[in-house]
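In: Sharing a sequence plus its predicted fold:
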Amino acid sequence: MAIDPAATLIYDGECGLCRRCVELVRRWDREHRIALVPFQDQAAVARFGIPLPALAAAMHLVLPDRRVFAGADAVPEILRLLPGGGRRFARWLFAIPGVRPVARRVYAWVARRRRCAVRGYAAPGN
């Protein structure tokens, strides 16, 4: 099976916050290094073998070498792939010891509440 030359970012296409973030990636990705695929496109995401509950819980970045980064761990990889010096600060920020664990907690917190924050739905457990 041939591997696509671009990395693939799998996201929640029904989440307004996710769509806004993906639109930023789309604008910054002038060299088309990242394919953007909503996890609802089951035919497109099936080839990656990532379980649907995992895809629903967090964005996933799949690199051409098949490494997978999920949630906050995907952010520095996305920034690495994007051209432009303006994102250098964000890449540098993720290199600071302790930032990734904090980013993971913040990402998980937002991901659990994103439907509430974006669509007006009640947050899970509320």
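Out: Perfect, I can see it now.
In: Every contact and neighbour count from this point should use C-alpha atoms.
Out: OK.
In: buried residues in the least confident helix or strand in the chain by mean pLDDT?
Out: Least confident element among the helices and strands of the chain, by mean pLDDT, DSSP states H and E: helix 88-94 (a mean of 76). Of the residues in helix 88-94, Arg91, Phe94 count as buried by neighbour count, 16 or more other CA atoms under 10 Å.
In: Quick one: residues in contact with it.
Out: Pro76, Leu79, Arg80, Val99, Arg100 (CA atoms under 8 Å, 6 or more residues apart in numbering).
In: can you do 10 Å?
Out: Under the contact criterion CA atoms under 10 Å, 6 or more residues apart in numbering, helix 88-94 has outside partners 72-73, 75-80, 82, 85, 87, 95, 99-101, 103.
In: Just say helix, strand or coil for the nearest residue to Val22 once chain neighbours are set aside.
Out: Counting by CA to CA, 6 or more residues apart in numbering, Leu36 is the residue found nearest to Val22 once chain neighbours are left out, at 7.4 Å. Classification of Leu36 by DSSP: H, G, I helix; E, B strand; the rest coil places it in strand.
In: I'd like the distance between Leu36 and Asp12.
Out: Computed as CA to CA, to the nearest Å, the Leu36 to Asp12 distance reads 10 Å.
In: Point out where the protein drops to low pLDDT.
Out: Within the chain, the segments meeting pLDDT under 70 span 1-5, 85-88, 115-126.
In: Show me the strands in it, by range?
Out: 7-11, 34-38, 60-62, 68-70 (DSSP state E).
In: Switch these over to CSV; also include mean neighbour count.
Out: Listed next are the strands of the chain as CSV, based on neighbours: other CA atoms under 10 Å:
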stretch, mean neighbour count
strand 7-11, 24
strand 34-38, 19
strand 60-62, 24
strand 68-70, 18
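In: Include distance to Trp109 when you put those strands into JSON lines, please.
Out: Formatted as JSON lines, the strands of the chain follow (distance: least, CA to CA, whole Å):
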{"stretch": "strand 7-11", "distance to Trp109": "16"}
{"stretch": "strand 34-38", "distance to Trp109": "21"}
{"stretch": "strand 60-62", "distance to Trp109": "17"}
{"stretch": "strand 68-70", "distance to Trp109": "14"}
